[in-house]
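Enquirer: build me a model from this:
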Amino acid sequence: MSDNATDTTLVWFREDLRVHDNEALVDAVEAGEEILPVYSFDPREFDTGMFDLPKTGPYRTRFVAESVADLRESLRERGGDLLVRRGEPEEIVPALAAEYDVETVFYHTFPATEEQAVESAVTDALDAEGVESRSRWGKTLYHVEDLPTSVHGIDDTFTPWRKSVERNATIRDQLSTPDTISTPDADPGEIPSPADLGVEPQETDDRGVLSFEGGEHAGTERVARYLFEEDRLREYKQTRNGLLGSGYSSKLSAWLTHGCLSPRYVFDEVKRYESERVSNESTYWLLFELMWRDFNTFQLLKYGDDFFASGGIQGKAVDWRDDREDFERWAQGETGVPFVDANMRELNETGYMSNRGRQNVASFLADWLEIDWRMGAAYFEAKLVDYDVCSNWGNWAYQAGVGNDSRNRYFNVVKQAKRYDSDGEYVRHWVPELADLGERIHEPWTLRDDAQATLDGGPDEGYPRPMIDMDAAHERLRNR
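Expert: Numbering: from 1, shown residues only. As a prediction, the model looks like this:
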């Protein structure tokens, strides 16, 4: 502790739910004799958002609550505690700062516009009370201050940006985890259940690929299991497009999103794996994916609200369809296209979907159905356990042709299904009404009329025909 330590500092936890490599926590411990760690469940996060869709669904709500509980346990192991409250942070944080005579509040800043608005409201309220606030950056692998150019000058195309960063920037070392934390005597508060937050709980379907338990302990255990116990990293690039099973990809995204894992921790573990096991294209590819995550984060910081516009950062004038009935069929996995439906049903029942699946269902909504891509992005916001505002909206805009490096591309969802689910195992797993179909499982509409008769009708009467003429739509996409 430094000689000029103050009496009490406050750490406002947000999407940095860990004690390892946490600059806000480390600096608060360095500056204060006592540390007041605080997490506030903001009711606005459990309300509705764009298109009147829910902002946070049951899987992410459960994951966050588990992560907060795990953070509290880690702080208690070090002699401290976590104060949990329900309310708007701009009211909760200044009130606690005043109650405990806090001189400085430390927190991590995040680039999204809504998060920035809350952050500004908190710091304005603190400033009015004479309390100093200090922001820190901890979301990305590369620190924002270490980029070769400022965020507002970075390349809008990923590959040249990545090459520039790899050549001209370095990754900072992890910060040491505090050994001891002293928290003043205070009511820690109860961690709310999803029902307490107005979110109807939902049990995860046992057909899911992973249970996704929230928290730093579960995140570091996942890293250890995937890399070292199961030795999966050596084949990551070859298996990452798999659809069934827990081991085909790292599935670290949920823990990274909520800050249970520091990206620098993951980087160091990959480097340790390379040193102890093997260094190859697959080990690099996991770091490549971390850089893609960085890129989307910095792009949102650069463009702000334009990230959420109909025409994206390109400002394109696109006449998107606003058909709620068709959107609901897509959302519920009742499009009549088995590969699309299987992925959407997995999302709805587990809060997760593979990256390959996300690309295909996004293309089907934006390209094949020509429905506003932002409806899909907003739907993912509620459903995904690993929802990250930067990655979600950046990747949706990219697929819709209005984002970074977007070209006139689309996914042939039938061809993709045949390539990545060649035997139909994934579709049969999530669309059991098609379990008895053979080689035509990915395009049942091509069956002879007598066989198709058993599949006709609505979603409750078997399996529906495609909601669009697939051949005509494909011809349009090829010629657009």
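Enquirer: just the CA trace of the lengthiest helix in the chain, in CSV.
Expert: With secondary structure taken from DSSP state H, the chain has its longest helix at helix 281-303. What follows is helix 281-303, C-alpha atoms only, in CSV (Å, rounded to 0.1, in the frame of the first residue of the first chain):
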residue,chain,number,x,y,z
GLU,A,281,-2.1,-22.8,-36.6
SER,A,282,-4.9,-23.9,-34.3
THR,A,283,-3.2,-22.4,-31.2
TYR,A,284,-2.8,-19.1,-33.1
TRP,A,285,-6.4,-19.2,-34.3
LEU,A,286,-7.8,-18.9,-30.7
LEU,A,287,-5.7,-15.7,-30.4
PHE,A,288,-6.9,-14.6,-33.8
GLU,A,289,-10.5,-14.9,-32.4
LEU,A,290,-9.5,-12.7,-29.4
MET,A,291,-8.3,-10.1,-31.9
TRP,A,292,-11.6,-10.2,-33.8
ARG,A,293,-13.3,-9.5,-30.5
ASP,A,294,-10.9,-6.6,-29.9
PHE,A,295,-11.6,-5.2,-33.4
ASN,A,296,-15.4,-5.1,-32.9
THR,A,297,-14.9,-3.4,-29.5
PHE,A,298,-12.7,-0.7,-30.9
GLN,A,299,-15.0,-0.2,-33.9
LEU,A,300,-17.9,0.4,-31.6
LEU,A,301,-15.8,2.9,-29.6
LYS,A,302,-15.0,4.6,-33.0
TYR,A,303,-18.5,4.8,-34.4
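Enquirer: show me what counts as buried in that helix.
Expert: For helix 281-303, a neighbour-count test (16 or more other C-beta atoms under 10 Å) marks 282-283, 286-287, 289-291, 293-303 as buried. Every C-beta, even on glycine, is put in place using the N, C-alpha and C of the backbone.
Enquirer: what does stretch 423-431 contact?
Expert: With C-beta atoms under 8 Å, 6 or more residues apart in numbering as the test, stretch 423-431 has contacts from 207, 243-244, 333, 338-339, 341-343, 345-346, 349, 417, 420-421, 434-435, 437, 439, 441-442, 463.
Enquirer: which of those count as buried?
Expert: 243, 333, 338-339, 341-343, 345-346, 349, 417, 420-421, 434, 437, 441-442, 463.
Enquirer: any idea which helix or strand comes after the worst-scoring helix or strand of the chain on mean pLDDT?
Expert: Within the chain, no helix or strand scores below helix 449-452, which has a mean of 50 by mean pLDDT, DSSP states H and E. Downstream of helix 449-452, the first helix or strand assigned by DSSP states H and E is helix 470-479.
Enquirer: give me the subset of the buried ones among the contacts of stretch 423-431 lying in helices.
Expert: Per DSSP H, the buried ones among the contacts of stretch 423-431 map to helices at 338-339, 341-343, 345-346, 349, 417, 420.
Enquirer: closest one to Thr183 out of these, please.
Expert: Glu349 (39.5 Å; C-beta to C-beta).
Enquirer: let me see the contact set for that closest one.
Expert: 204-205, 207-208, 430.
Enquirer: which of the residues you listed sits closest to Ser67?
Expert: Thr204 (15.9 Å).
Enquirer: tell me which stretches of the stretch 51-200 of the chain form strands.
Expert: 83-86, 104-108, 132-136 (DSSP state E, counting those that start in this stretch).
Enquirer: buried ones in the longest strand belonging to the chain, by neighbour count?
Expert: Secondary structure of the chain per DSSP state E: the longest strand is strand 32-41. Using 16+ other C-beta under 10 Å as the test for burial, strand 32-41 gives 32, 34-41.
Enquirer: alpha carbons of that strand, as PDB, please.
Expert: Taking Å, rounded to 0.1, in the frame of the first residue of the first chain, the C-alpha atoms of strand 32-41 are listed here in PDB:
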ATOM      1  CA  GLY A  32      -7.300   2.700   0.000                       C
ATOM      2  CA  GLU A  33      -7.000   1.200   3.500                       C
ATOM      3  CA  GLU A  34     -10.500  -0.200   3.100                       C
ATOM      4  CA  ILE A  35     -12.200  -1.200  -0.200                       C
ATOM      5  CA  LEU A  36     -15.900  -1.100  -0.900                       C
ATOM      6  CA  PRO A  37     -16.700  -3.500  -3.800                       C
ATOM      7  CA  VAL A  38     -20.100  -2.800  -5.300                       C
ATOM      8  CA  TYR A  39     -22.300  -4.400  -7.900                       C
ATOM      9  CA  SER A  40     -25.700  -3.100  -8.900                       C
ATOM     10  CA  PHE A  41     -28.400  -5.000 -10.800                       C
END
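Enquirer: just give me how far it sits from the chain centre.
Expert: 25 Å (C-alpha atoms, centre = their mean, to the nearest Å).
Enquirer: with stretch 397-410 instead?
Expert: 20 Å.
Enquirer: okay, buried residues for it please.
Expert: Applying 16+ other C-beta under 10 Å to stretch 397-410 flags 397-404, 406, 410 as buried.
Enquirer: quick check: mean pLDDT of it?
Expert: For stretch 397-410, mean pLDDT rounds to 87.
Enquirer: endpoints of it, how far apart?
Expert: 12 Å (C-alpha to C-alpha, to the nearest Å).
Enquirer: please apply the same query to stretch 412-427.
Expert: End-to-end for stretch 412-427, by C-alpha to C-alpha: 16 Å.
Enquirer: what does stretch 180-190 give?
Expert: Its start and end residues considered, stretch 180-190 measures 23 Å (C-alpha to C-alpha).
Enquirer: next, the buried residues of it.
Expert: 181, 183-184, 189.
Enquirer: surely Val102 touches Val11?
Expert: No: judged on C-beta atoms under 8 Å, Val102 makes no contact with Val11 at a distance of 10.1 Å.
Enquirer: now for the two: what residues contact both?
Expert: Shared contacts of Val102 and Val11 (C-beta under 8 Å, 6+ apart): Leu36.
Enquirer: ok, back up a step: following element in sequence after the longest helix of the chain, please.
Expert: Next along from helix 281-303, by DSSP H and E: helix 324-331.
Enquirer: direction included, what does the longest strand of the chain pair against?
Expert: Applying DSSP bridges to the sheet, strand 32-41 is found paired with strand 6-12 (parallel), strand 83-86 (parallel).
Enquirer: tell me the angle the longest one makes with strand 132-136.
Expert: Angle between the axes of strand 6-12 and strand 132-136 is 50 degrees (criterion: axes from the mean of the first three to the mean of the last three C-alpha atoms, to 10 degrees).
Enquirer: pull out the buried residues from strand 6-12.
Expert: For strand 6-12, using 16+ other C-beta under 10 Å, the buried residues are 8-12.
Enquirer: any idea of the mean pLDDT in it?
Expert: Mean predicted lDDT for strand 6-12 stands at 90.
Enquirer: CA atoms only: put it into PDB for me.
Expert: This file holds the C-alpha atoms of strand 6-12, laid out as PDB (Å, rounded to 0.1, in the frame of the first residue of the first chain):
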ATOM      1  CA  THR A   6      -6.900   7.200   1.600                       C
ATOM      2  CA  ASP A   7      -9.400   5.700   4.100                       C
ATOM      3  CA  THR A   8     -11.900   4.100   1.700                       C
ATOM      4  CA  THR A   9     -12.100   3.500  -2.000                       C
ATOM      5  CA  LEU A  10     -15.000   2.000  -3.900                       C
ATOM      6  CA  VAL A  11     -14.800  -0.500  -6.800                       C
ATOM      7  CA  TRP A  12     -17.800  -0.400  -9.100                       C
END
